[in-house]
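Colleague: pasting a predicted model and its sequence here:
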Amino acid sequence: MRRFIIVAAAVALALGSAPAGAQTREAPEIPFVSVPNFLKYPPTMNLGEALGVAENSKGHIILLNHPGTATSGPLYGNATTNLLEFDDQGNFVREIGQGVYGLGYGHAVRFDDDDNLWVVDKGTNAVTKFDPAGYVTLNLGRRPEGFDHYEHVDPREARHVDGYFQGPTDVGWDADGNIYVSDGYMNSRVAKMNEWGDWIKSWGSYGTGDDELRLPHSLQVDREGFVYVADRTNRRIQKYDSDGNFVKTILLNVPFDKNRQPVLGNPRPNQPDNTAPWALCISGGETQYLFAADEEPGRIYKLTLDGEILGWLGESGRRLGQFNWIHGISCRDENELLIADLNNWRVQKLLLYQTALPTDDE
């Protein structure tokens with residue numbers, strides 16, 4: 001089996017400029033293999049855009065899929081979201097959440113420590129919690145009513161209202177059960193609530209300063225309660241404490257070939273050295289690691305929680321082991337990643353630090 005690993009490229013998105021003082025850092029390439037055809041489903045249910053993937057404590061996988069069929073309703077673009085469950089061997093189990101009012105244009109899925117599934121929907125401005133059986137047990141935010149005109153307002157003119165979201169993107173929790181939502185496409189902030197969804201505070205506004213954000217696209221919380229935000233348009237990861245106090249900026253700044261033809265769009269030889277983070281994941285295990293993915297050159301980076309880049313893998317493309325917009329990562333095991341490979345319409349299972357697939361005897 002051929003193994004495809006890294007390089008560089010680009011996509012046509014206006015993603016801002018490099019923070020002052022950004023310099024490249026050398027880091028080793030991590031060998032890996034991608035398991036072919038890991039998810040098993042009949043040809044009657046081809047996947048659409050794979051926006052998110054999450055794994056619970058039993059190894060069951062939820063895929064946030066944007067299928068080709070659209071429901072009615074005044075959502076931005078198509079109203080299109082389904083939640084597909086697979087077992088630990090990749091076999092299709094069921095679809096959940098059919099007809100749920102909070103699902104319209106889903107953006108992220110996460111499991112909490114009790115195997116509750118949380119779905120963040122930028123189309124309905126809602127965050128919905130499902131118990132392991134598939135019942136809705138909590139709704140945060142509020143979907144625009146049928147007569148409301150849904151539009152992308154200028155984030156510089158967004159008006160923050162407690163309890164409401166505008167284009168939310170991700171969700172995480174601290175050890176006390178507090179809920180954090182990156183609120184996201186228009187509000188440029190992080191919201192904090194208690195376990196029942198009671199509003200505590202928010203921080204952030206549109207801009208380029210340490211306490212400002214431009215499209216917080218993904219969010220994770222470590223065991224100590226530090227919050228990591230993929231500040232996509234500012235091309236950086238911002239680390240805060242649980243009260244929203246700024247801790248540090250983390251950059252994805254490993255050198256890459258800027259003249260390479262990207263999988264989508266034109267070459268961008270003058271782009272900054274640091275790349276734009278799209279997806280974040282913090283691993284389980286005794287030592288937690290931060291995984292971050294960029295859109296171009298299509299890499300995944302393994303970092304310490306202090307931001308040291310330990311290594312990288314992957315490149316943009318359409319072959320197995322290449323990626324076309326990584327939109328979600330699941331990393332319960334630091335050596336096994338599940339990747340929502342959005343524009344390739346698939347999920348890839350990656351085995352890190354391997355050069356060949358395991359045999360049946362292993």
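Modeller: Great, that's in hand. The structure displayed is predicted, hence computed values, not measured ones.

Colleague: for residue 358, give its distance to residue 302.
Modeller: Counting by C-beta to C-beta, to the nearest Å, the separation of residue 358 from residue 302 is 21 Å. Bear in mind the C-beta positions are built from the backbone N, C-alpha and C, glycine included.

Colleague: equivalent analysis for residue 187, please.
Modeller: Residue 187 is 30 Å from residue 302, by C-beta to C-beta.

Colleague: higher neighbour count, residue 358 and residue 302?
Modeller: residue 302 (22 against 10; other C-beta atoms under 10 Å).

Colleague: pretty sure that one contacts residue 314?
Modeller: No - with contact defined as C-beta atoms under 8 Å, residue 302 does not count as touching residue 314 (11.2 Å).

Colleague: is it true that residue 107 lies in a helix?
Modeller: No - according to DSSP: H, G, I helix; E, B strand; the rest coil, residue 107 belongs to no helix; its state is strand.

Colleague: could you report the pLDDT at residue 271?
Modeller: Per-residue pLDDT puts residue 271 at 88.

Colleague: isn't residue 28 up against residue 311?
Modeller: Yes - Residue 28 is within contact range of residue 311, at 4.8 Å (criterion: C-beta under 8 Å).

Colleague: which of the two has more neighbours?
Modeller: residue 311 (16 against 12).

Colleague: tell me, how many residues neighbour residue 318?
Modeller: 12.

Colleague: I meant residue 162, not that one.
Modeller: Residue 162 has 10 nearby residues by other C-beta under 10 Å.

Colleague: next one: phi and psi at it?
Modeller: Residue 162 adopts backbone torsions of phi -60, psi 130, taken as degrees, to the nearest 10.

Colleague: ok, now which ones touch it?
Modeller: 199, 202 (C-beta atoms under 8 Å, 6 or more residues apart in numbering).

Colleague: how close does it get to residue 135?
Modeller: 27 Å.

Colleague: would you mind pulling the contact partners of stretch 304-312?
Modeller: Stretch 304-312 has contacts (C-beta under 8 Å, 6+ apart) with 6, 25, 27-30, 222, 226, 237, 239, 248, 250-254, 282, 288-290, 299-303.

Colleague: of the residues you listed, keep whichever come out buried.
Modeller: In those, burial by neighbour count holds for 6, 27, 30, 222, 226, 237, 239, 250-254, 282, 288-290, 299-303, counting by 16 or more other C-beta atoms under 10 Å.

Colleague: in strands, which of the residues you listed fall?
Modeller: Residues of the buried ones among the contacts of stretch 304-312 located in strands (DSSP state E): 237, 239, 250, 282, 290, 300, 301, 302, 303.

Colleague: please identify which pair of the residues you listed lies farthest apart.
Modeller: Farthest-apart pair in these is 239 and 300; separation 18.8 Å (C-beta to C-beta).

Colleague: dig out what residue 311 forms beta bridges with.
Modeller: Beta-bridge pairing of residue 311 under DSSP bridges involves residue 302.

Colleague: please tell me how far it sits from residue 321.
Modeller: 16 Å.

Colleague: for residue 189, same thing?
Modeller: 36 Å.

Colleague: the two: who's more crowded?
Modeller: The neighbour comparison of residue 189 against residue 321 (other C-beta under 10 Å) goes to residue 189, with 25 against 20.
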